[in-house]
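Visitor: only geometry, no sequence info:
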């Protein structure tokens with residue numbers, strides 16, 4: 001295996017990536033939507049948005065891949081950032097750079113790869129948009145142009161997300177390894193510790209804007225059967241897809257959380273319980289609207305949700321608010337699942 005060379009401008013390249021401030025941040029619904037479109041357009045098993053951060057390759061967006069990151073030294077994308085052109089590998093088994101790469105010899109058994117660089121604010125190549133498949137193939141001229149178009153769109157989305165994170169104060173409050181510890185590595189949603197980190201800021205905003213603090217507690221219905229019947233690999237892909245659909249269904253200012261296992265949460269500031277219930281129903285519809293396609297499986301997935309609201313002055317550490325939503329979730333399960341109940 002030929003390890004990628006480190007670019008001569010690596011220090012400046014890493015600085016450009018750092019100023020984007022999007023490594024180890026939650027999944028971006030717009031990037032996820034672009035990747036869903038790309039997966040269909042290229043008819044590929046896997047599409048990724050990768051960022052080369054130090055000695056690792058981290059996935060800002062992914063379809064058809066349960067890994068959240070890989071070592072940089074085995075990364076195809078670390079080769080692709082060496083040049084502005086699309087790097088295409090028709091059959092990795094025949095390419096001396098990759099034929100004994102562990103990603104070729106083992107899971108995910110890469111055969112075809114095509115990657116195009118993505119850029120930071122100062123124009124350095126910080127990562128790639130890439131298309132991967134388990135069978136040898138080649139891009140058509142039209143597909144190569146589509147890759148360039150997707151790269152431009154994703155570059156633009158990087159800048160939009162950087163602005164949004166700055167407005168939310170995440171650049172000041174959560175840095176580097178600390179921020180990484182607050183993210184669920186599978187779904188790239190905030191975890192329970194992330195919720196506790198962010199809650200005080202939401203409470204202060206609610207007090208300032210005279211809003212209620214709302215919480216949605218959600219649990220996938222009959223998820224254990226998916227793991228038992230199809231394996232934890234398929235179960236993980238379902239959780240990733242659910243996280244992406246949930247993130248796309250809520251408002252930009254809402255906080256999406258994976259609470260653990262198949263349990264999810266949303267922290268939201270609302271003017272009324274009715275407004276929170278509307279958000280919860282939108283999540284329910286987003287999860288059940290289309291079957292989840294994983295390999296040869298087409299899975300009907302549903303979710304049960306409980307909602308609760310409190311005045312900001314009563315929230316404290318959030319335990320009572322979450323418990324109220326959890327009790328409402330229990331009522332939703334008892335009512336037959338796939339529904340929203342208020343606490």
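Guide: All right, it came through fine. A quick note: this is a predicted structure, and the numbers were derived from the prediction, not measured.

Visitor: map the structural domains onto the sequence of this structure.
Guide: According to automatic domain parsing, the chain comprises the domains 10-173, 182-342.

Visitor: closest one to residue 3 among those domains?
Guide: domain 10-173 (4.8 Å; Cβ to Cβ). For glycine as for every other residue, the C-beta is placed from the backbone atoms N, C-alpha and C.

Visitor: so which residues of the stretch 151-300 of the chain form strands?
Guide: Applying DSSP state E, counting those that start in this stretch to the stretch 151-300 of the chain gives strands spanning 212-220, 255-260, 263-270, 292-294, 297-299.

Visitor: tabulate those (JSON lines), appending distance to residue 30.
Guide: As requested, the strands of the stretch 151-300 of the chain are exported to JSON lines (distance: least, Cβ to Cβ, whole Å):
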{"stretch": "strand 212-220", "distance to residue 30": "22"}
{"stretch": "strand 255-260", "distance to residue 30": "14"}
{"stretch": "strand 263-270", "distance to residue 30": "18"}
{"stretch": "strand 292-294", "distance to residue 30": "20"}
{"stretch": "strand 297-299", "distance to residue 30": "25"}
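
Visitor: ok, which of the domains of the chain comes nearest residue 4?
Guide: Residue 4 lies closest, by Cβ to Cβ, to one member of the domains of the chain: domain 10-173, at 3.6 Å.

Visitor: what pLDDT, on average, does the closest one get?
Guide: In this model, domain 10-173 has an average pLDDT of 92.

Visitor: for residue 196, see how far away residue 76 is.
Guide: Remark: distance between residue 76 and residue 196 (Cβ to Cβ, to the nearest Å) = 37 Å.

Visitor: with neighbour numbers in mind, choose between those two.
Guide: Taking other Cβ atoms under 10 Å, residue 76 and residue 196 do not tie; residue 76 has more neighbours (27 against 14).

Visitor: does anything pack onto the helix or strand residue 50 falls within? Which helices or strands?
Guide: Counting by DSSP states H and E, the element that carries residue 50 is strand 46-53. Under the contact definition 3 or more Cβ pairs under 8 Å, 6 or more residues apart in numbering; DSSP states H and E, strand 46-53 sits against helix 10-20, helix 29-42, strand 56-63, helix 77-80, strand 112-119, strand 125-133.

Visitor: could those be laid out in CSV, adding mean neighbour count and distance to residue 249?
Guide: Below are the helices and strands packed on strand 46-53 laid out as CSV (neighbours: other Cβ atoms under 10 Å; distance: least, Cβ to Cβ, whole Å):
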stretch, mean neighbour count, distance to residue 249
helix 10-20, 17, 26
helix 29-42, 18, 9
strand 56-63, 22, 17
helix 77-80, 25, 30
strand 112-119, 24, 26
strand 125-133, 27, 25
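
Visitor: looking at these, which is nearest to residue 267?
Guide: With Cβ to Cβ as the criterion, residue 267 lies closest to helix 29-42 of these, at 16.4 Å.

Visitor: how far off centre is the closest one?
Guide: Relative to the centre of its chain, helix 29-42 is centred 12 Å away, using Cα atoms, centre = their mean, to the nearest Å.

Visitor: please enumerate the helices of the stretch 51-200 of the chain.
Guide: 77-80, 102-105, 141-168, 170-173, 176-181, 192-209 (DSSP state H, counting those that start in this stretch).

Visitor: pick the most deeply packed of those helices.
Guide: Ranked by mean neighbour count, the helices of the stretch 51-200 of the chain are led by helix 77-80 with a mean of 25 (mean count of other Cβ atoms under 10 Å).

Visitor: name the residues that touch that helix?
Guide: Contact with helix 77-80 is made by 4, 48, 50, 52, 57, 72, 87, 97, 115-117, 127-128, 130, as judged by Cβ atoms under 8 Å, 6 or more residues apart in numbering.

Visitor: what's the answer for stretch 332-340, then?
Guide: By Cβ under 8 Å, 6+ apart, stretch 332-340 touches 219, 221-222, 277, 280-281, 284, 288, 302-307, 341.

Visitor: quick one: end-to-end length of it, please.
Guide: Stretch 332-340 has an end-to-end distance of 6 Å (Cα to Cα, to the nearest Å).

Visitor: now that stretch: buried residues?
Guide: Across stretch 332-340, burial judged by 16 or more other Cβ atoms under 10 Å covers 332, 338-340.

Visitor: quick one: mean pLDDT for it?
Guide: Stretch 332-340 shows a mean pLDDT of 97.
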